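Participant: this is a predicted model, with the sequence first.
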Amino acid sequence: MKKDNYVIREKITSWVITAVLIGIGILCIYPFLFMLSSSFKISGEVLQYPIKLIPDKIVLSNYTDLFGDPYYNFGRWYINTIVMTVTTILLKIFVVTITAYAFAKIKFQGRNIVFLMLLSALMIPGDIMLIPRYIIFKQIDIIDKMWSLVLPATFDVYFVFMVRQAFVSIPDSLSEAAEIDGCNHFQIYSRIVLPLAKPSIVTMVLFTFVWSWNDYMGPYLFITSIEKQMLSVGIKLFTEGQVTDPALQMSAATIVLIPILVLFFFSQKYFVEGVSNTGVKG
Amino acid sequence: METVKKRKYSRQKKENIYGYLFILPYLAGFFIFQGFPFLIAMVLGFTDVSYISKIQNATFVGFQNFVKFFRDEYALAALGRTGLYSLIYVPLIMVCGFVIAYLVNKGIHFKKLVRSMFFLPYVSNMVAVAVVFKLLLGPGGPVINLLMRLGMENPPYLLYGLHTALPTVVVIAVWKGLGLNFITYLAALQNVDNSLIEAAQIDGATKMQRIRHIVIPMVSPTTFFLMISSVITSLQNFTTIQALTAGGPGQSTTVMSINIIRTSFSNFQTGYASAQALVMFLIVLVFTVIQWRGQNKWVNY
């Protein structure tokens, strides 16, 4: 009898906690709900109180106005951001994994010293390097070019460390067997080690996508012409120019967020596991 | 004997060639985009370089920039605001992250849904989110309206008030970053050995005692890691603040990171800005070292 009471109490508690957490969770995603619903409203309805999350009349004109704007070229910014993000990911996959392979599987002299040197760079906060980077980029003439965003992101220390950890956990007996069969290091890297480390590479790709897509500081400082701008900075320029139309602002915010939200929903498992396995930095 | 030695020698040589060949692209890029900028950062703070003039024309000014910093009341006030920001941000995000992870780990329903709800802000774009928050909190917006309905005659203009802007920005930053701390804590809690907790329960420990004496010590390595990264995140808050308030109203949210970029790119005093960045770096370093030193007092591995 006493036992039953205990079980019932536990059940009630867990439902109460669930309800409270879902309540806070809704508060957490409320800005997204508000944004999405407002982007389909006529302007006057956005700031009406109380808020209706389902608009009286669903309109698409905000989106067509957005992409039709002659000065703020959202389509252009969208393409720029996609090209920049994809380039970063492709370059980073190659550069980071081949480096991680060398540190994990090739016993070259000086390996540990070089690796420690790289690790110590993790301690340096990125902000301190912005001004020097600007000066260097000016010298090598990549200011106002996509490369000023792609290259610093490619030579990431953090993921060299993380992917190396994944490579180290692949047993050496596998690569030794391949070596006896006549494979060279490049073949072992591309045919054996790389496919086996897929989860950590996927994690790297996901986070690189999110960081590049959301980067604001980089384009804000290094991209100067408006047609080469990225979405982050573009949307800020746009919303500061179009202060009067809240519905238009919400549709602008929506189109920046949609790709990230879709990506998140389809790859949640990897995202969450990626964070919990590696404690990815902010 | 001789040939074995020779073969071994040539094998090591081959490994060396492969090793350096594989890391060469990375090392070159690392040097240009990470290492070299860091070295330059160290030097720039001691020069009077301006971002519009040629770097060759810069001269060394010794510690002049640093002396200037400690006499510059705007810069010092910005440093103070950064401190205040961290002082609210770090405890808030640590406690909220832990409490939510603890509750989720206790066994709730719809775990996946709850997990995504809290993690979603972490992947979103700060600038886009800022547009939404500005509208939600702005004059005529729903939050102001709600407060007025609740009977407040002059509701605070959260993001737009001199005294409320900084705390509001911090709360939004916590909302944005919470998912990371939450998920990391959740993973740590899942690794906590349940038998210890059950043993304590049998010994008659209350729930709070169990949390305080068993759960918290067992996740202390995670707490340590999250604390160091939260401190660093809170000091590098440029995007969050620039997107939400751009340092205003007045100077009320002008923290160090905002002041540094402004000094360099709006006031053209790149050398002076670099000196401020160096001060920031030293502060981060000091805090990290203090936390590192202090860890064996409370972190259990």
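Facilitator: Alright, I've got the coordinates.

Participant: quick check: mean pLDDT of stretch A:111-118?
Facilitator: Mean pLDDT, stretch A:111-118: 90.

Participant: which other residues reach that stretch?
Facilitator: Stretch A:111-118 is contacted from outside by A:Ala102, A:Phe103, A:Val157, A:Val160, A:Phe161, A:Arg164, B:Gly19, B:Ile23, B:Leu27, B:Phe30, using C-beta atoms under 8 Å, 6 or more residues apart in numbering or on different chains. For the C-beta atoms, the positions are set from N, CA and C on the backbone; glycine is no exception.

Participant: next, the buried residues of it.
Facilitator: A:Arg111, A:Val114, A:Phe115, A:Leu118 (16 or more other C-beta atoms under 10 Å in any protein chain shown).

Participant: please apply the same query to stretch B:39-51.
Facilitator: Result for stretch B:39-51 [16+ other C-beta under 10 Å]: buried residues B:Ile40, B:Ala41, B:Leu44, B:Gly45, B:Phe46, B:Thr47, B:Asp48, B:Val49, B:Ser50, B:Tyr51.

Participant: in helices, which of those fall?
Facilitator: Applying DSSP state H to the buried residues of stretch B:39-51, the entries found in helices are B:Ile40, B:Ala41, B:Leu44.

Participant: state the distance from the closest residue in space to the first one that isn't next to it in sequence to A:Leu151.
Facilitator: Counting by C-beta to C-beta, 6 or more residues apart in numbering or on different chains, A:Pro132 is the residue found nearest to B:Ile40 once chain neighbours are left out, at 3.7 Å. Separation of A:Pro132 from A:Leu151 (C-beta to C-beta, to the nearest Å): 14 Å.

Participant: ok, now A:Val157?
Facilitator: 14 Å.

Participant: in stretch A:94-101, what's buried?
Facilitator: Quick answer for stretch A:94-101 (16+ other C-beta under 10 Å): A:Val95, A:Val96, A:Thr97, A:Ile98, A:Thr99, A:Ala100, A:Tyr101.

Participant: not counting its neighbours along the chain, what's nearest the second one?
Facilitator: This means A:Val96. Nearest in space to A:Val96, with sequence neighbours left out and distances taken as C-beta to C-beta, 6+ apart, is A:Phe159 at 5.1 Å.

Participant: so who does B:Val49 touch?
Facilitator: Per C-beta under 8 Å, 6+ apart, neighbours of B:Val49: A:Ile135, B:Ile55, B:Asn57, B:Ala58, B:Thr270, B:Gly271, B:Ser274.

Participant: check contacts around the residue nearest to it when sequence neighbours are not counted.
Facilitator: Nearest non-adjacent residue to B:Val49, counting by C-beta to C-beta, 6+ apart: B:Ala58, 3.7 Å away. With contact set as C-beta under 8 Å, 6+ apart, B:Ala58 has these partners: B:Thr47, B:Asp48, B:Val49, B:Ser50, B:Gly271.

Participant: angles on the backbone of the last one, please.
Facilitator: Going back to what we said before, that points to B:Gly271. Per-residue torsions, B:Gly271: phi -60, psi -50 (degrees, to the nearest 10).

Participant: counting by contacts, list what the strand or helix carrying B:Ala77 packs against.
Facilitator: In the assignment (DSSP states H and E), B:Ala77 maps to helix B:73-105. Applying 3 or more C-beta pairs under 8 Å, 6 or more residues apart in numbering or on different chains; DSSP states H and E, we find helix B:73-105 packed against helix A:2-38, helix B:64-71, helix B:111-123, helix B:165-190, helix B:220-235, helix B:256-265, helix B:270-298.

Participant: now the second one - C-alpha only, PDB.
Facilitator: Spelled out, it's helix B:64-71. What follows is helix B:64-71, C-alpha atoms only, in PDB (Å, rounded to 0.1, in the frame of the first residue of the first chain):
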ATOM      1  CA  GLN B  64      51.700  54.900 -23.500                       C
ATOM      2  CA  ASN B  65      48.500  53.100 -24.600                       C
ATOM      3  CA  PHE B  66      48.300  51.300 -21.400                       C
ATOM      4  CA  VAL B  67      48.800  54.400 -19.300                       C
ATOM      5  CA  LYS B  68      46.100  56.100 -21.500                       C
ATOM      6  CA  PHE B  69      43.700  53.200 -20.800                       C
ATOM      7  CA  PHE B  70      43.900  53.600 -17.000                       C
ATOM      8  CA  ARG B  71      43.200  57.300 -17.400                       C
END
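
Participant: that one close to chain A?
Facilitator: No - using C-beta under 8 Å from any C-beta of the partner chain, helix B:64-71 stays clear of chain A, coming no nearer than 12.6 Å.

Participant: poorly predicted segments of the stretch 151-282 of chain A, please.
Facilitator: A:242-243, A:278-282 (pLDDT under 70).

Participant: show me the contacts for residue 88.
Facilitator: No chain in the question, so chain A it is. With C-beta under 8 Å, 6+ apart, A:Thr88 has these contacts: A:Leu149, A:Val150, A:Ala153, A:Thr154, A:Thr208, A:Ser212.

Participant: to clarify, I was referring to chain B.
Facilitator: When contacts are taken as C-beta under 8 Å, 6+ apart, B:Ile88 is in contact with B:Pro167, B:Val170.

Participant: now do the SS call for the residue of the stretch 1-150 of chain A found nearest chain B.
Facilitator: Residue nearest to chain B within the stretch 1-150 of chain A (C-beta to the nearest C-beta): A:Phe108, separated by 2.6 Å. Here A:Phe108 is recorded as coil under DSSP: H, G, I helix; E, B strand; the rest coil.

Participant: for it, which non-adjacent residue is closest in space?
Facilitator: Nearest non-adjacent residue to A:Phe108 (C-beta to C-beta, 6+ apart): B:Gly19, at 2.6 Å.

Participant: other SSEs contacting the host helix or strand of the one you found?
Facilitator: B:Gly19 is part of helix B:2-30 when elements are defined by DSSP H and E. The helices and strands touching helix B:2-30, judged by 3+ C-beta pairs under 8 Å, 6+ apart, are helix A:74-105, helix A:111-120.

Participant: least reliable of the ones you listed going by mean pLDDT?
Facilitator: helix A:111-120 (a mean of 88).

Participant: report the separation between the residue nearest the centre of chain A and chain B.
Facilitator: The centre of chain A sits closest to A:Val210, judged by C-alpha atoms, centre = their mean, with a distance of 1.0 Å. Counting by C-beta to the nearest C-beta, to the nearest Å, the gap from A:Val210 to chain B is 5 Å.

Participant: tell me the buried residues in the helix or strand containing that residue?
Facilitator: Counting by DSSP H and E, the element that carries A:Val210 is helix A:198-214. For helix A:198-214, the neighbour count (16+ other C-beta under 10 Å) marks A:200-214 as buried.
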